[in-house]
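Engineer: return a 3D structure for these sequence lines:
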Amino acid sequence: MTLLPWSHLCSAGFTLRGWHTPPSGKPLLHFIHGNGFCCRTYEPMLTLLAEHFDLWLCDMQGHGDSDHGGAFVGWNRSAELAVEAFVAGKAIFGQAPRYALGHSFGGVMTSLILAAHPQLFQRAVLLDPVLFPRREILKRQWLGWMVSNPLAEGTRKRRSQWEDRQTAFGRLQGRGIFQGWEEEGLRAHIEHALRDEPEQGVVLKCAPNREAEVFESAPHGLWQALSRIQTPVRLIHGDQTYPFVQQSAGRLSATNAHVTVEQLPGGHCFMQENAQLAAQRVVGSLLPQ
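Structural biologist: Okay, the predicted model is just below:
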């Protein structure tokens, strides 16, 4: 898979960066990653998808090769900045059909984009999107730092640098969110989500504080936005994912007829546990026979 870099100085004053495949006339697939990762973390799945689609990969603020950009601009603004960058760059793909894909945080970003820009994509797949229940969103918005947030607290304490990539691989393999990942997926993460730093070895490109900022915040008007989606959406979640993801998936499909739900084996990062199966189901959902 050949990937070419792109960059966009966005209206928030920092530069978003990402990658795209050379235009080939295939349908175009826009992808956003999960919190703390970068798009190229998912290369095993994306390489398989590139057989069927041209790819536009967007690293969000403070992730991958995009600028840290100061304080996190929030979920809703982040979604609009991703659209801004995509609209600025998509002309090279001509009139190819456009589809959207997102995992976790990226799945919510994609949902917000579908609601606000119903003509931008013809179909979409959400991979284990963290669709917070209303009570969780209100808690984060109104109580914020006053309420314990184990994900954010754990993230801030997490190690962020290692002597070299092989050491990082050994320390992360089979642990935490990386439990059950295929070796190729973890090696892609080690290669692309870490950067070399003189005298420090390798360091996470996404600073733990940025990842924690995302965990401590929530999108505004999420469920109102979800109710407005008119694009056909397949929501795929793992059978061992967070309980609230499964519950929110059921609620969304029950209230919006444009959304259907499918379950695959695995946890929150099931696509990193079985890239081939995930890619097959994405293709089947976006390009139905």
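
Engineer: what about the helices in this protein?
Structural biologist: 43-49, 75-89, 105-116, 134-142, 150-157, 165-172, 183-192, 208-216, 222-228, 243-255, 270-273, 275-286 (DSSP state H).

Engineer: which one of those helices lies closest to F37?
Structural biologist: Closest to F37 of the helices of the chain is helix 183-192 (C-beta to C-beta; 6.7 Å). The way it works is simple: take the backbone N, C-alpha and C, and place the C-beta from them, glycine included.

Engineer: show me what the closest one is packed against.
Structural biologist: helix 43-49, helix 165-172, helix 270-273 (3 or more C-beta pairs under 8 Å, 6 or more residues apart in numbering; DSSP states H and E).

Engineer: let me see the mean pLDDT of it.
Structural biologist: For helix 183-192, mean pLDDT is 97.

Engineer: tell me the bridge partners for the closest residue to H20 other than its chain neighbours.
Structural biologist: Once flanking residues are discounted, H20 sits nearest to W56: 4.9 Å by C-beta to C-beta, 6 or more residues apart in numbering. Legend: beta-bridge partners of W56 under DSSP bridges are H20, H30.

Engineer: correct me, but W56 touches G89?
Structural biologist: Yes - applying C-beta atoms under 8 Å as the test, W56 and G89 come out as touching, 7.2 Å apart.

Engineer: what touches both of the two?
Structural biologist: Taking C-beta atoms under 8 Å, 6 or more residues apart in numbering as the contact rule, the neighbours common to W56 and G89 are H20.

Engineer: looking at these two, which is more packed in?
Structural biologist: Higher neighbour count among W56 and G89: W56, with 25 against 16, using other C-beta atoms under 10 Å.

Engineer: separation between the more buried one and F93?
Structural biologist: Distance of W56 to F93, given as C-beta to C-beta, to the nearest Å: 8 Å.

Engineer: overlap of the contact sets of the two?
Structural biologist: Jointly contacting W56 and F93 under the rule C-beta under 8 Å, 6+ apart are L28.
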